[in-house]
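Chemist: sequence below, structure please.
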Amino acid sequence: AGIPHLYTFAPVLLALNKDDGRYATTGTTEKFWAEWKEMHDVSAELRTLLSLPPRREEHEKLFTGEFAYARRDFEELAAAGPREVSGQDRLLHAVCRPERLIELARQFIIFDEGGTVKKIARYQQYFAIKKTMERIRQRDPDGRRRGGVIWHTQGSGKSLTMVMLGKALALEPAVPNPRIVLVTDRIDLDEQIWKTFHQCGKEPQQARTGRHLIELLEDDRVAVITTVLDKFGAAAKANDSFRNVNADLFVLVDESHRSQYGEANIRMMKALPNACFIGFTGTPLMKKEKNTAQKFGGFIEPPYTIRDAVADKAVVPLLYEGRHVLHDVNLKAVDRMFEAMSEGLAPKQKADLKRKFSSREELTRLESRLYLIAWDVSQHFEKTWKDSGFKGQLTAPGKKAALLIKKFLDQFGKVSSEVLISGPDEREGEGEDQADENVQKFWKAQMAKHGNEKDYNRNVIGAFKTGDELEIIIVVDKLITGFDAPRNIVLYITRSLKEHTLLQAIARVNRLHPGKDFGYAIDYYGVIEELHDALDLYSSLAGQFDAEDLAGALTDIGEELKQLPAAHDAVWDLFRDIANKQDDEAYVLALEDPLKREEFYTRFSRFCRLLKAGLSTLTWLKSADPAKVDRYKRDAILFQKVRAAVKIRYAEEVDYRDYEKQIQKMLSTYVQADEIIQVVDPVNIFEREAFEQEVERARTPRAKADIIANRTKKTITEKMGEDPFFYRKFSALLQQAIDEYKAQRISEGELLSRVTEIMAKVRDGYRDDTPVAVRQSDLAKAFFGALREQLPDIQIRKDEVHEDQTPYNGEPVRPANGASVPELLAEVACEIEAIIRRHAVVRWRDNADAQNRMRNELDDLLFNLQREKGLKLSFPQMDAIIESILRIARNRQDV
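Modeler: This next block holds a predicted model:
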C-alpha cells in the first residue's frame, strides 16, 4: 500500500482463487478484468504438468525463507496423488508460463488515453493477431502476403486490435519495414481510428485529399496512414497511373464487408497491387459476404461473436421492446396509442395532455406520429433514466423529423436533448430535407454557435459523452456506427434500419459502464418484428445471415422479465426462517452474518433492476397481474427499509453507488414518496450529537449496542494504521464483550454499557498507561505504542542497572539514568517524532531519499539506545521498529 507506483511496471495482474481467475493491468477497473479462454481444450496438457514434481533445486528455493511455513502442507498435498485441474491452474498456465508472459509483456500491451491507461490484450485479440501474423508470413506465387478478415463483434475492442496488430507488425523480423494504411468508409470513423492510434502512442498521418494520399503512400518514412476509402477514387483522378508495389504494405480495412464492392474498392486494389489486405468487421456477415470475404484471403479464426462477448461480459446484453406506432396513423389508432401512453397519469394530467394533443389537429399524420413518440420517449426516459447518469440516443427518419422531435421534447420539458445532423447539402435518412427551411435555419444557427461543422460535432458529442446536462442525442445517420459512449443505455428507434445498419445501431448501447446491466432498444418502427425464436431474430433478413452468428444479439425484454418472480423469491429466501414477517428487528438480525448481507445486497439489487425494467415496459404492465405488481412494489419498499436499517446497524458502506440512483429512481417514480426510506451513510462516532441521535432512534438495547459496536469497529479499522498499539487493544476488548454476550455470559444491558464505554475511550483517545513525556503529542503516543508492541520483553543489561541488595518491592526496573522502561521508551518516542518531522519534506511519502534519511537517523538512534541506555536490541528488532515507525507516519495526516 505504501508503494503503489512500484506496481505500475507489472505487465499483468491476476486475481485468483482456486476455482476462478481474472487478469488485467495496473489500474484496470473491476468491470474490465477479463477471463482467458484457450482456443482448444488444454486439460490433458495441464494434468500432465500437474503430475510432474518440481525439480529439487526449485523446490528448495521455493520453500526457503518466508515460505518455509507452507512446505509441509504442500508436500502432503503432493503426496496425496493427482488432483483435478482448477480454474486457477488454467489462468496461470495461460498467462504466466514464461513464453506466453514474455510475449504478452512485449507485444500485447498498449497505452491508451494519451499514454495514461495501460491495456492488455483479451484472449480473442491475442489469438486473432497470432493467426494473422502466421498468415502474413505466407506468400502467394506473385509474392503477395496472405491476408484475411477478422470478425470481432462491436464493443470487443476492434480498434485496439488494429493497434496491437500494428505493434506486432513493427516487431516482426520477417517484415523489415512495415507500413500500415487504415481504411474506413466514413469520415467520422476515420477520425476515430486516427484518434485511437494517436492516443496509443502511434503517430498516424491522416490523408486530407486524394493527392495528399498519394504523397503519403510515396513517402516511405510515413509508417501509419489513415484515409477514407473514397480518397482512392480522388487519388485516381489526380494520378490514375499511381502504383505502390510494396509487398510490406498492410491495408487494414474497417467494416470491410461494406468496402468490398464499388469503384473506390477497385481503385484501392489497383493502386496497391501487392499490398496485404486485412479486413475487420464488428457485425455478422451475410452469407453472400462470407463468400466475397475470400477476396481478403478468407476468415481469420476464431471469430468473436455477440454471444461470446456477452458470455465474457465484454459487452452488456441488449433488451428489446416494441412500441410500434403505425405509419398510417388514423384517429382511432392515435387515440389508442394516447390511452396506452398516458396510462398512470392523474386525471388532471391526462386531461391537460389531451387538450395539448387535440389542439394540434392541423398536424400532418407524420407530425402526429412524431408527437406521440416524443411524448412517450419523454415519459420513458424521465421515469427510467433521468438523473441516473445514463444517456439515450434517438434515430430519426430524417433531418426535418429530428428537429420536430427536438421541438416536441422541449415543449414537454421532461428531458434535455440536442440534434446532431450533417449539413443541409448532404442527404441523410429517408427524407429529402435539403431544401427544408427549418433545416437550413437550424444549420445556420449551429454554425454561428460552434464556428464550423467539425466543432459542432465535437461539442455536441463531448456534451453527450462526458457532460451531465445533455440526456438524449437525436441523430439520423450520424453516430449509428463507430460511436462509443459507455453511458449510452437506451436507443429509441423511429425509422427503418436494415441489415448491418440495424445491427450496428443497436450495438451503440452495449458498452460496459458501472451500474449498467443491459442496453435497451425501444422500437417505434417495427424493425424487429418477432423475437420468439432466436432463429427468427430478423424476419426481414431470413436466410441471409447464419442464425448461429446472430444468437445472443438481442433479447425480448419480456423474456428477461420472466426472471422477475425468481429474483423476488430469491430475496425472500434469505428471510425464510423469520416467523413473524411484521417484526422489523427480525429482518435486521437475520442479516447479522456479513456474507449473508452481501448476498442480500446482490439479490435485492437484481430484483430492483428487473422490477424497474418491468414498470417501464408497456407490454409487461398490460399483461402482469396487478395484485402481483403491487406486491412487488410493497416488497421493494420493505427491502429498502431493511437495507437502510442494516447499513446503520452494521456500519456498512457497501459500494452500490452504481445502482443506488436507479433503485431510488424506481421507488420514487412508481410508489408514494412517503413510503421511501433513504439509505444514508452511517454517522461516525466523532460526530457526537448526530451519533447519539442515531443510537437513540434504535428501539432495543441490542440494537443500540450493535450500532455502537459496529461503528466503533469501523473506526478502529479505518484508523488502525495511525496507531496500531492503541486500536488493537480496544479491538480486542470490543470483541471480548461481543463474544461474552453471544456466549450468554452478559445481558443486552451489560453489552450496551461495555461497548459504550469502549466507544468513548476510542473516540477520546483514552490511555491510562501513557508516560508524561508523550501525553501532549498524538504522534509520539503512536510511536510509543509501536515501541511497546515491538519490545514487549525488553531487557536491560545488568551493568547498566543499579545494584540494590534489598528485596524486590514491585517497582519497575530502572536503567542507569533512573527512568523506568516505559519512561525511557517515551523519551525515545519523542526523539523519533523529532527525526520524522525533521525529514518530512513536502510529498515525503513519494520521496525515497527523504525516507532513507529517516531510516538512517532512526538506525543511529536505536544503536545509541543500546550503547547508552542499556537496552538489548537485535538487528531484526531494530529493522522491525524502523519499518513500523515509517508505516505509522505514512498513515497519519499530522506529519
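Chemist: show me the domain layout of the protein.
Modeler: Per the record, the chain has its domains at 4-105, 108-304, 322-554, 564-675, 688-764, 772-891, by automatic domain parsing.
Chemist: okay if I get these as CSV plus distance to residue 316 and mean pLDDT?
Modeler: The C-beta positions use only the backbone N, C-alpha and C, and glycine is treated the same way. Converted to CSV, the domains of the chain look like this (distance: least, C-beta to C-beta, whole Å; pLDDT from 0 to 100):
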stretch, distance to residue 316, mean pLDDT
domain 4-105, 10, 87
domain 108-304, 9, 80
domain 322-554, 5, 74
domain 564-675, 12, 79
domain 688-764, 34, 82
domain 772-891, 38, 76
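Chemist: right, and the ones you listed - which one's nearest residue 314?
Modeler: When the domains of the chain are compared by C-beta to C-beta, domain 108-304 sits nearest residue 314, at 5.3 Å.
Chemist: ends of the closest one, how far apart?
Modeler: 18 Å (C-alpha to C-alpha, to the nearest Å).
Chemist: from the chain's centroid, how far away is it?
Modeler: Relative to its parent chain, domain 108-304 has a centroid offset of 29 Å by C-alpha atoms, centre = their mean, to the nearest Å.
Chemist: as TSV, the domains of the chain with mean neighbour count and distance to residue 314 would be great.
Modeler: Below are the domains of the chain laid out as TSV (neighbours: other C-beta atoms under 10 Å; distance: least, C-beta to C-beta, whole Å):
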stretch	mean neighbour count	distance to residue 314
domain 4-105	13	7
domain 108-304	19	5
domain 322-554	18	7
domain 564-675	17	18
domain 688-764	17	35
domain 772-891	16	36
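Chemist: helix or strand for residue 193, which one?
Modeler: Secondary structure assigned from DSSP states H and E places residue 193 in helix 187-199.
Chemist: skip ahead from that helix and say which helix or strand is next.
Modeler: That would be, after helix 187-199 and using DSSP H and E, strand 205-206.
Chemist: any chance you could list what contacts that next one?
Modeler: 190, 194, 216, 222, 224-227 (C-beta atoms under 8 Å, 6 or more residues apart in numbering).
Chemist: run the last query once more with 7 Å
Modeler: 194, 216, 222, 224-226 (C-beta atoms under 7 Å, 6 or more residues apart in numbering).
Chemist: just those: which are in helices?
Modeler: 194, 216 (DSSP state H).
Chemist: of the contacts of strand 205-206, just say which sits nearest to residue 696.
Modeler: residue 194 (62.7 Å).
Chemist: for the helix ranked longest in the chain, name the packing helices and strands.
Modeler: For the chain, the helix reaching the highest residue count under DSSP H is reported as helix 626-649. Judged by 3 or more C-beta pairs under 7 Å, 6 or more residues apart in numbering; DSSP states H and E, the packing partners of helix 626-649 are helix 564-573, helix 584-590, helix 594-615, helix 657-670, helix 701-719.
Chemist: and the contacts of the helix or strand hosting residue 180?
Modeler: Using DSSP H and E, residue 180 sits within strand 179-184. Contacts with strand 179-184, where a contact means C-beta under 7 Å, 6+ apart, come from 162, 166, 169, 190, 193, 204, 223-229, 246, 248-254, 259, 268.
Chemist: at 6 Å instead, please
Modeler: By C-beta atoms under 6 Å, 6 or more residues apart in numbering, the list of residues contacting strand 179-184 from outside reads 166, 190, 193, 223-227, 229, 249-254.
Chemist: closest one to residue 312 among the domains of the chain?
Modeler: domain 4-105 (6.1 Å).
Chemist: which residues in the stretch 301-450 of the chain form helices?
Modeler: Using DSSP state H, counting those that start in this stretch, the helices of the stretch 301-450 of the chain run over 306-311, 331-341, 347-358, 365-384, 399-412, 437-450.
Chemist: could you export stretch 775-785 as PDB, CA atoms only?
Modeler: The C-alpha trace of stretch 775-785 is given here as PDB (Å, rounded to 0.1, in the frame of the first residue of the first chain):
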ATOM      1  CA  ARG A 775       0.900  13.000  26.600                       C
ATOM      2  CA  GLN A 776       1.000  16.200  24.600                       C
ATOM      3  CA  SER A 777       1.600  14.600  21.200                       C
ATOM      4  CA  ASP A 778      -0.600  12.100  19.500                       C
ATOM      5  CA  LEU A 779       2.200  11.200  17.100                       C
ATOM      6  CA  ALA A 780       4.600  10.500  19.900                       C
ATOM      7  CA  LYS A 781       1.900   8.400  21.600                       C
ATOM      8  CA  ALA A 782       1.600   6.300  18.400                       C
ATOM      9  CA  PHE A 783       5.400   5.800  18.300                       C
ATOM     10  CA  PHE A 784       5.500   4.900  22.000                       C
ATOM     11  CA  GLY A 785       2.800   2.300  21.300                       C
END
